[in-house]
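Colleague: following is a predicted model, sequence given first.
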Amino acid sequence: MFGTAAIRIRGVLQGATIALLTATAACEQATAPLANTPDANATLADYQALEQMFASDGFAGVQALAGRTPMSASATVAAMRALPGLASESSSRQYALDLFRAAAAQASRTSFAKTVISSRHLGRTLVYNVAKDQYVIDSARTGAPANGTRFIVYELNADGKPNVSREIGRADLIDEGAGTGEAIALRLLVVTRGSTTLDYRTRVDIGTTASSIDVSGFATDGTERLDFTVGLDGRKVATGTVLDADFEFSVKPRNFTVTGTVRGVQDGREGEGKVSFTAKHQENTLRVELNGTAGTVNGAINWNGKPYITITGPAATPTLRGPSGQPLTPDEVRMVQSVMRMSDDVFDLVEELVEPVEDIVLLGWIL
């Protein structure tokens with residue numbers, strides 16, 4: 001399902017590419033940044049560091065687990081994948097909505113397993129089998145956690161499949177559900193080339209009218225470290241499923257932290273909802289308030305408590321203006337584009353981290 005190891009950015013500004021926005025700004029009378037406004041390039045570098053955290057080959061190897069574990073071959077998982085949305089590519093927001101809808105469909109007629117990794121795979125190590133394009137148990141390998149399963153991680157070929165001649169580490173999937181009541185609780189600990197590069201927990205609580213997915217942990221590319229916490233809450237309403245998110249991202253060596261919320265994401269209404277977050281860039285504070293509805297976007301960015309940029313108009317081609325109504329410089333446009341991506345980065349991150357263990361989560365809903 002994955003075409004790249006990097007986080008897939010779709011953005012609130014649907015269809016508005018950086019090149020288009022930059023060209024638009026260049027056609028207008030550009031002005032120098034006002035006093036007490038951010039250094040656009042320095043601020044942009046913080047967001048780029050966050051987005052690149054998952055571009056390592058180790059993380060790509062973990063993503064390659066999706067659809068290749070023994071759990072993927074289950075007929076019950078196949079049946080779940082036949083549900084609308086899960087069977088096809090969709091945006092990360094829609095992916096989360098589909099998961100919640102699938103969970104609600106099962107919750108009304110099944111019980112849930114406290115632990116979802118079968119005894120057959122507990123304490124076992126799985127390696128990639130080229131002929132089967134699947135991970136299989138290797139009984140000669142030891143060291144897997146007693147309450148989990150170990151997957152060997154490889155570099156990927158150009159076709160996205162693991163290269164068995166280039167083993168680079170391991171991914172331990174640990175089942176922590178025994179002490180959580182009815183919640184599914186999984187931890188994925190990834191070590192590549194001798195260093196821990198990814199360590200996070202996924203918890204799923206299922207209900208007939210409301211469910212939640214929480215993902216928290218850290219990722220590192222060897223230079224920067226990203227700590228993240230994302231909580232998604234889905235609930236059924238008369239018109240379908242509504243999703244809310246609370247999140248915090250922190251790249252501590254850069255003294256860069258983003259804390260915020262997304263509210264009112266709904267089925268079939270891409271780009272809608274309310275986004276609110278605060279970013280700390282060193283000693284400075286950037287505040288974003290954004291509303292999307294009926295294909296339009298309306299919002300503002302403040303810098304250290306003062307108006308900095310307004311965003312209005314069609315979501316695909318919004319108008320961006322400075323505090324005095326002046327057009328933005330190309331550097332400012334690129335920075336705004338990265339800032340606006342944050343609201344979808346939240347859902348992209350959840351999709352990237354849930355999909356490698358998605359088959360096991362799906363089994364947990366139906367066992």
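Modeller: Yes, it's here.
Colleague: burial count for residue 158?
Modeller: By other CB atoms under 10 Å, 6 other residues sit near residue 158. From N, CA and C alone the C-beta is placed, and that goes for glycine too.
Colleague: look up how far residue 60 lies from it.
Modeller: According to CB to CB, to the nearest Å, residue 158 stands 12 Å off from residue 60.
Colleague: now do the single longest helix found in the chain, average pLDDT.
Modeller: Longest helix of the chain, by residue count under DSSP state H: helix 330-354. The average pLDDT within helix 330-354 is 80.
Colleague: show me where the chain has its helices.
Modeller: Under DSSP H, the chain gives helices at 18-27, 40-51, 57-63, 75-81, 92-107, 330-354, 358-366.
Colleague: off-centre distance for stretch 233-246?
Modeller: 18 Å (CA atoms, centre = their mean, to the nearest Å).
Colleague: give me the mean pLDDT for it.
Modeller: The average pLDDT for stretch 233-246 rounds to 84.
Colleague: returning to what we had before: just want the angle from the longest helix of the chain to helix 40-51.
Modeller: Per axes from the mean of the first three to the mean of the last three CA atoms, to 10 degrees, the angle that helix 330-354 makes with helix 40-51 is 10 degrees.
Colleague: contacts made by stretch 277-294 with the rest, please.
Modeller: 12, 38, 42-43, 46, 247, 255-261, 271-276, 297-305, 308, 311, 315, 339-340, 342-343 (CB atoms under 8 Å, 6 or more residues apart in numbering).
Colleague: in that stretch, what's buried?
Modeller: Using 16 or more other CB atoms under 10 Å as the test for burial, stretch 277-294 gives 277, 279, 281, 284, 286-288, 290-292.
Colleague: what's the neighbour count on residue 123?
Modeller: If we define neighbours as other CB under 10 Å, then residue 123 has 16 of them.
Colleague: sorry, wrong one. I was asking about residue 165.
Modeller: Residue 165: 8 neighbours (other CB under 10 Å).
Colleague: what do you get for the one 10 residues further on?
Modeller: As a burial measure, residue 175 scores 23 neighbours (other CB under 10 Å).
Colleague: what's the closest non-adjacent residue to it?
Modeller: Counting by CB to CB, 6 or more residues apart in numbering, residue 175 lies nearest to residue 117, which is 4.3 Å off, once chain neighbours are set aside.
Colleague: next up, the contacts around the one you found.
Modeller: 147-149, 173, 175, 360.
Colleague: in strands, which of those residues appear?
Modeller: Residues of those located in strands (DSSP state E): 148-149, 173, 175.
Colleague: check those residues and tell me the two furthest apart.
Modeller: The two members of the ones in strands among the contacts of residue 117 with the most space between them (CB to CB) are 149 and 175, at 8.3 Å.
Colleague: what do those two both touch?
Modeller: 117, 122.
Colleague: which parts of the stretch 101-250 of the chain are strands?
Modeller: 124-129, 134-137, 148-156, 162-175, 184-192, 195-205, 210-220, 225-237, 240-251 (DSSP state E, counting those that start in this stretch).
Colleague: now distance to residue 55 too, for the ones you listed, in a markdown table please.
Modeller: Output for the strands of the stretch 101-250 of the chain, formatted as a markdown table (distance: least, CB to CB, whole Å):
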| stretch | distance to residue 55 |
| --- | --- |
| strand 124-129 | 21 |
| strand 134-137 | 23 |
| strand 148-156 | 13 |
| strand 162-175 | 15 |
| strand 184-192 | 13 |
| strand 195-205 | 11 |
| strand 210-220 | 10 |
| strand 225-237 | 12 |
| strand 240-251 | 14 |
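Colleague: of those, which is nearest residue 348?
Modeller: Across the strands of the stretch 101-250 of the chain, closest to residue 348 is strand 225-237 (CB to CB), at 10.3 Å.
Colleague: just how off-centre is the closest one within its chain?
Modeller: Offset of strand 225-237 from its chain centre (CA atoms, centre = their mean): 9 Å.
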